[in-house]
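Novice: please work out how this folds:
(one chain, ligands or ions: 5)
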Amino acid sequence: MKTKEILFLMLFLTLFSQASLENTTCKKCHPIITEEYQSSMHSRASIFKDPVHKAVWDKHPDKAKGHYKCAKCHTPSDHALMAGKTKLTDNAVQENEPISCQQCHRIQSIEKHAKANKNVMSKKEKYFFSADPKRKGKEIEFKEESSLFGLMTKTVGSPYHKIDYGNENFYNGNVCMGCHSHKQNGKGFTVCDLEVKQNDSKETCITCHMPKVKGTFVNLKDSKTHAFHGVNIHKITPELLSKYIKLSLNKEANGFSVTVKNEATHTLFPQPLRLNQLRINIERDGKTIELKPVNFMRVIGTNGKPSMPWLATEVLKDTTIKAHETRKVTFDTALQKGDSVVVKFGYYIANPKAAKKLGIQDPYATEFIILTKKRFEIE
Ligand code: HEC
Ligand code: HEC
Ligand code: HEC
Ligand code: HEC
Ligand code: HEC
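Specialist: Ligands and ions are numbered 1, 2, ... in the order given. So this is what the prediction gives:
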């Protein structure tokens, strides 16, 4: 046996000895990606990790019936729960990998439905889809290639799994749409809709939310960069995303206007819980004038009154900024030479009014988060 083979054998033995959590195996060879993943919302999508999801679930009528229907998107990797063998309980999967690596990398296609889309998973073991334009269409199996008459050897593929580079959904971002497209409540009312419009944008869900960042994607190779897996807009990625929101200011006859240009291919903050705000401060002669914040939100309800998502049957108001939209907001405060205008575009994870009703107190959900800001000097 060559030393390399012995090494692989040892590696395999350690891999098989720890089978409880799926991601433990991936971590051995993909440590950087796994570490990023651990701070992503995909690793915290369960009620045990996300206080906002928990607060809504606690009030949800399905809770009393003991039927956690949310699992389909929030904790699909809890296989025993999904198969109806166990009830929702705090276990290692719920805590660490409610949406595991495999849960995305085995998505073969997306079935479209009015209620919510559905992920169709590949049944093949140790077989993962991924994207690489240079290998597009290929299926890569592990092999050693020798060159220079056998003096040099190099390996291709992964010793643990096959890779399929032929799944278009991993190139155009459609892989995200099984969970993220839209969702209806029991009354057939659409509670949440990203309203994706690709238009001619070169950016996709993947290029914006999982951009290439420094560090190799696997131990056995030095790829220099890898696709960022720490998807978490609130804590980690406001900086990654702020460049897609462009702010500008125009002085006008009786005041000024601010425009917000949304380059995202979807509605901003479509979640009914979010409150998106534009905040303007004018700094003049050492004093700060605070203008009234402008809200962008989608209010849903029943019989003309706001209600919880599972009861809603109508949209009462929708001022959210849509895909590729440029929204202009005018202010009637006259600007003076020497003023500095500070424009902040941000949001609350939970609209303070809703947070109160739901009993959400966690500062993570109740503090104003700035997505992007800009200072304008008036001349
Ligand atoms: C069709 C898939 C799907 C189902 C089913 C689903 N969700 Fe979600 N949910 C999502 C996605 C995707 C997000 C993230 C969207 C976002 O952040 O804009 C989300 C986000 C949320 C949030 C916001 C979390 C936060 O951090 O602000 C709450 C609350 C929530 N879901 C509650 C529920 C509850 C309760 C159920 C079950 C009754 C449920 N969801 C079922 C897909 C789903
Ligand atoms: C024994 C090491 C090893 C383990 C364990 C392992 N991988 Fe890999 N993986 C590799 C190697 C090596 C490559 C790169 C192969 C190549 O580029 O030729 C790779 C590539 C990949 C790719 C494709 C990267 C690309 O080029 O786009 C994905 C996706 C992936 N692995 C996912 C996983 C997941 C999910 C797990 C856990 C279930 C896992 N891997 C476990 C070694 C491993
Ligand atoms: C051009 C860049 C861009 C593209 C393409 C893009 N996004 Fe976003 N996305 C953003 C920005 C900017 C935000 C922050 C504003 C917000 O939270 O709505 C965001 C926020 C989100 C959020 C969080 C919403 C919330 O408030 O919780 C989700 C979920 C999301 N995107 C999913 C997707 C999916 C799925 C796709 C592919 C259909 C996609 N994005 C494509 C830029 C982009
Ligand atoms: C939310 C879905 C999702 C989850 C969860 C996820 N991935 Fe990925 N992963 C993707 C997508 C989409 C790509 C393709 C990005 C691209 O265009 O290169 C990718 C790319 C990769 C690559 C290739 C990286 C590169 O730079 O080309 C590896 C390796 C990988 N993932 C491993 C993992 C591992 C390990 C985990 C768990 C710790 C994981 N993924 C969890 C969606 C996911
Ligand atoms: C198996 C279902 C599933 C898939 C597939 C999936 N997501 Fe998610 N995603 C979720 C859920 C559920 C949440 C909300 C977690 C929470 O807030 O509790 C979420 C949250 C997010 C968020 C918001 C993070 C935040 O900080 O609130 C973004 C952005 C996002 N996903 C992007 C993506 C992208 C990009 C893809 C495709 C590469 C993808 N997701 C694939 C289920 C999924």
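Novice: now do the phi/psi pair for Leu240.
Specialist: Backbone torsions of Leu240, given as degrees, to the nearest 10, read phi -70, psi -30.
Novice: and it, what does it touch?
Specialist: Under the criterion of C-beta atoms under 8 Å, 6 or more residues apart in numbering, the contact partners of Leu240 comprise Cys208, His209, Pro211, Phe228. The C-beta positions use only the backbone N, C-alpha and C, and glycine is treated the same way.
Novice: can you rerun that using 7 Å?
Specialist: Taking C-beta atoms under 7 Å, 6 or more residues apart in numbering as the contact definition, Leu240 lies against Pro211.
Novice: distance of it relative to ligand 5?
Specialist: Distance from Leu240 to ligand 5, counting by C-beta to the nearest ligand atom, to the nearest Å: 10 Å.
Novice: do the same with Val342
Specialist: Look at Val342 and ligand 5: by C-beta to the nearest ligand atom, they are 25 Å apart.
Novice: any idea which helix or strand comes after the least confident helix or strand in the chain by mean pLDDT?
Specialist: Across the helices and strands of the chain, the lowest-confidence element by mean pLDDT, DSSP states H and E is helix 3-17, at a mean of 49. Read in the C-terminal direction, the helix or strand following helix 3-17 is helix 22-29, with elements assigned using DSSP states H and E.
Novice: quick one: mean pLDDT over that next one.
Specialist: Regarding helix 22-29, the rounded mean pLDDT is 96.
Novice: flag every buried residue along it.
Specialist: Applying a neighbour-count criterion of 16 or more other C-beta atoms under 10 Å, the buried positions in helix 22-29 are Glu22, Asn23, Thr24, Thr25, Cys26, Lys27, Cys29.
Novice: now the stretch 101-250 of the chain against ligand 1: closest residue?
Specialist: Ligand 1 sits closest to Ala116 of the stretch 101-250 of the chain, with a gap of 3.5 Å, by C-beta to the nearest ligand atom.
Novice: not counting its neighbours along the chain, what's nearest that residue?
Specialist: Excluding its sequence neighbours, the residue lying closest to Ala116 (C-beta to C-beta, 6 or more residues apart in numbering) is Lys183, at 4.8 Å.
Novice: what about the protein, any weak spots by pLDDT?
Specialist: For the chain, the stretches with pLDDT under 70 are 1-19, 236-237.
Novice: contacting residues for the residue nearest to the spatial centre of it?
Specialist: In the chain, the C-alpha closest to the average C-alpha coordinate belongs to Val231, at a distance of 5.0 Å (C-alpha atoms, centre = their mean). Going by C-beta under 7 Å, 6+ apart, Val231 touches Ser40, Met41, His42, His209, Met210.
Novice: which ones among those residues also lie next to ligand 5?
Specialist: With the criterion set as C-beta under 6 Å from any ligand atom, the members of the contacts of Val231 near ligand 5 are Met41, His42, His209, Met210.
Novice: tell me the residues of the stretch 251-379 of the chain that contact ligand 4?
Specialist: Contact residues, the stretch 251-379 of the chain versus ligand 4 (C-beta under 6 Å from any ligand atom): none.
Novice: ranges for the strands of the stretch 251-379 of the chain?
Specialist: Per DSSP state E, counting those that start in this stretch, the stretch 251-379 of the chain has strands spanning 255-262, 275-284, 287-290, 294-296, 298-302, 305-306, 314-318, 326-331, 340-348, 369-377. These are given in chain order.
Novice: next: the stretch 51-200 of the chain.
Specialist: Using DSSP E, counting those that start in this stretch, strands in the stretch 51-200 of the chain cover 107-111, 118-121, 127-129, 139-140, 143-147, 152-156, 162-164, 182-184, 190-193.
Novice: make a markdown table out of those and add distance to Val315 and mean neighbour count.
Specialist: Conversion of the strands of the stretch 51-200 of the chain to a markdown table gives the following (distance: least, C-beta to C-beta, whole Å; neighbours: other C-beta atoms under 10 Å):
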| stretch | distance to Val315 | mean neighbour count |
| --- | --- | --- |
| strand 107-111 | 25 | 16 |
| strand 118-121 | 25 | 16 |
| strand 127-129 | 36 | 19 |
| strand 139-140 | 45 | 14 |
| strand 143-147 | 56 | 10 |
| strand 152-156 | 53 | 11 |
| strand 162-164 | 41 | 18 |
| strand 182-184 | 13 | 17 |
| strand 190-193 | 9 | 18 |
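Novice: redo these as a markdown table? Include distance to Ser242.
Specialist: Written out in a markdown table, the entries for the strands of the stretch 51-200 of the chain read as follows (distance: least, C-beta to C-beta, whole Å):
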| stretch | distance to Ser242 |
| --- | --- |
| strand 107-111 | 29 |
| strand 118-121 | 30 |
| strand 127-129 | 30 |
| strand 139-140 | 36 |
| strand 143-147 | 44 |
| strand 152-156 | 39 |
| strand 162-164 | 33 |
| strand 182-184 | 26 |
| strand 190-193 | 23 |
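Novice: output the ones you listed in TSV; the columns should cover distance to ligand 1.
Specialist: Putting those into TSV (distance: least, C-beta to the nearest ligand atom, whole Å) gives the following:
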stretch	distance to ligand 1
strand 107-111	11
strand 118-121	8
strand 127-129	19
strand 139-140	29
strand 143-147	38
strand 152-156	35
strand 162-164	24
strand 182-184	5
strand 190-193	7
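Novice: against Val260, how distant is the residue in the chain that ligand 3 sits nearest to?
Specialist: Ranking the residues of the chain by distance to ligand 3 (C-beta to the nearest ligand atom) places Cys205 first, at 2.7 Å. Using C-beta to C-beta, to the nearest Å, Cys205 is found at 21 Å from Val260.
Novice: about what we covered before: how close does the residue of the chain closest to ligand 3 sit to ligand 2?
Specialist: Applying C-beta to the nearest ligand atom, one obtains 16 Å for the distance of Cys205 from ligand 2.
Novice: give the contact list for that residue.
Specialist: Residues in contact with Cys205, defined by C-beta under 7 Å, 6+ apart, are Gly173, Cys176.
Novice: and of the buried residues of helix 22-29, the nearest to Pro238?
Specialist: Ranked by distance to Pro238 (C-beta to C-beta), those are led by Asn23 at 25.8 Å.
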